[in-house]
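*Asks:* the sequence isn't on hand, but the structure is:
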């Protein structure tokens, strides 16, 4: 038997480990999310740079910005088309196998672009095709992974698990762009080779997750009715609708990330390495915020704090557009990322805790559509607006638009202002302990 002092030390060591990490399946899930995100972000940053660099060889700045907008559009189109199908699939098919198939497709995309880079035959058509296939993979992976996480942990620690999952995503968003930028500067094939290895590691993590229990299938057997049911649920739940639509329109208007290649190449003169830093800066702020919430989950006045965070997001976007200093630009992007993570944490916690497990796939698909609309479609909007009025003016106008959205949503959805906690009205403030699913 261990001496009392050693038992106390061991107990203290265990207590500092976040509770979700004590569940092997969640650890495997977290590893898969981290490695796949690093690979995704490394590929995305390099694809954007290659598109813009190819365009600038024969086009002016505004026309090249338009090419960046097209990248966002081809990534959004598959998600828009497949939303109802992917949500229904996540509620009817083993979520682990959906995620595995999506990561396998991303692995194939990395190998394909690596082959083109090795041969020096990369073209616009190849980059756009792979961007569209990545959109398909993310369309299926988003609802499946989002709905899988609540199956792995007890309900009472789900907000902590959401924060830890966000840390995995944001850590990947930090490492991925920097990795992609530096490896591309060394050799064009290198970031794609590294992404292929990371996607392989993600597959190993996903295969390590054993069978999980799930709620019974929906009562109606009509597939179309089941698909539409997720849309109806979101439309009727004004708190969930307000939360995800706020993110949609604020980030749709205020998305500055699409213009980062422009700022890195022609405004800040930072090159591909600088682009990696710029792309990683929002994720640094987001990771610090997620790490804080993993230790100290948000408990009070969640709605009004989310509105204020989105307002800070818009303000940081405006200052970034005006900046001509690399340190100031990085600071603005880090603050922008922290504010966005605050909003993401509140939104995801509301969606997961207010949605029955049998509908999480379909509601998650609707949420993914809104998120992709705000990100990929926002990149398209920024690219098209940048082609019209210039990239810098487009970023500043987007930040102003995000602030106006916050003001309007605070009036249009009073449920957001009045949301005090994550507990649904019919759930006790302190739910009973549940066993791991």
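*Replies:* Sure, I can see it. Computed from a predicted model, the values in this text were never measured in an experiment. Numbers count the residues shown, from 1 in each chain.

*Asks:* and stretch 313-325, how far from the chain's centre?
*Replies:* From the chain centre to the centre of stretch 313-325 is a distance of 21 Å (CA atoms, centre = their mean, to the nearest Å).

*Asks:* next: stretch 231-239.
*Replies:* 22 Å.

*Asks:* buried residues in that stretch?
*Replies:* Within stretch 231-239, the residues scored as buried using 16 or more other CB atoms under 10 Å are 231, 233, 234, 237, 239. Just so you know, the C-beta spots here come from the backbone N, C-alpha and C atoms, and that holds for glycine as well.

*Asks:* and those as JSON lines, adding distance to residue 311?
*Replies:* Listed next are the buried residues of stretch 231-239 as JSON lines, based on distance: CB to CB, whole Å:
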{"residue": "231", "distance to residue 311": "28"}
{"residue": "233", "distance to residue 311": "28"}
{"residue": "234", "distance to residue 311": "24"}
{"residue": "237", "distance to residue 311": "24"}
{"residue": "239", "distance to residue 311": "19"}
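
*Asks:* just the residues you listed: which are in helices?
*Replies:* Judged by DSSP state H, the subset of those located in helices is 231, 233, 234, 239.

*Asks:* pipe these into TSV and attach distance to residue 338 and pLDDT per row.
*Replies:* Listed next are these as TSV, based on distance: CB to CB, whole Å; pLDDT from 0 to 100:
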residue	distance to residue 338	pLDDT
231	31	70
233	30	75
234	27	74
239	23	78
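
*Asks:* show me where pLDDT drops low in the stretch 201-350 of the chain?
*Replies:* Scanning the stretch 201-350 of the chain for pLDDT under 70 picks out 213-230, 251-255, 258.

*Asks:* mind listing the helices for the stretch 51-200 of the chain?
*Replies:* Using DSSP state H, counting those that start in this stretch, the helices found in the stretch 51-200 of the chain span residues 61-92, 95-119, 124-148, 158-186, 190-207.

*Asks:* may I see these arranged in TSV, with distance to residue 416 and mean neighbour count as well?
*Replies:* Shown next, in TSV, are those (distance: least, CB to CB, whole Å; neighbours: other CB atoms under 10 Å):
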stretch	distance to residue 416	mean neighbour count
helix 61-92	23	22
helix 95-119	29	20
helix 124-148	21	22
helix 158-186	18	23
helix 190-207	35	21
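
*Asks:* let me have those in a markdown table, extended by distance to residue 267.
*Replies:* Formatted as a markdown table, the helices of the stretch 51-200 of the chain follow (distance: least, CB to CB, whole Å):
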| stretch | distance to residue 267 |
| --- | --- |
| helix 61-92 | 10 |
| helix 95-119 | 27 |
| helix 124-148 | 23 |
| helix 158-186 | 17 |
| helix 190-207 | 23 |
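
*Asks:* of those, which is nearest residue 295?
*Replies:* Residue 295 sits nearest to helix 158-186 of all these, at 8.4 Å, using CB to CB.

*Asks:* average pLDDT for the helix or strand harbouring residue 392?
*Replies:* Per DSSP states H and E, residue 392 falls inside helix 391-412. For helix 391-412, mean pLDDT is 88.

*Asks:* whichever helix or strand comes after that helix packs against which elements?
*Replies:* As assigned by DSSP H and E, the chain's next helix or strand after helix 391-412 is helix 414-418. Secondary-structure packing of helix 414-418 (3 or more CB pairs under 8 Å, 6 or more residues apart in numbering; DSSP states H and E): helix 238-254, helix 302-322, helix 391-412.

*Asks:* so which bits of helix 414-418 are buried?
*Replies:* Neighbour-count burial for helix 414-418 [16+ other CB under 10 Å]: residue 416.

*Asks:* the most centrally placed residue in the chain and residue 248: what is the separation?
*Replies:* By CA atoms, centre = their mean, the chain has its centre lying nearest to residue 169, at 6.8 Å. From residue 169 across to residue 248, the span is 18 Å (CB to CB, to the nearest Å).

*Asks:* and for the closest residue to the residue nearest to the centre of the chain other than its chain neighbours, the neighbour number?
*Replies:* The shortest distance from residue 169 to any non-neighbouring residue, by CB to CB, 6 or more residues apart in numbering, is to residue 37 (5.1 Å). The tally of other residues near residue 37 (other CB atoms under 10 Å) stands at 22.

*Asks:* which residues touch residue 37?
*Replies:* Residues near residue 37 by CB atoms under 8 Å, 6 or more residues apart in numbering: 168, 169, 171, 172, 173, 176.

*Asks:* so which one among the residues you listed has the lowest pLDDT?
*Replies:* For those, the least confident position by pLDDT is residue 173, scoring 69.

*Asks:* now the helices: where do they sit in the stretch 251-400 of the chain?
*Replies:* Counting by DSSP H, counting those that start in this stretch, the helices of the stretch 251-400 of the chain are 260-262, 271-295, 302-322, 326-354, 360-372, 378-389, 391-412.
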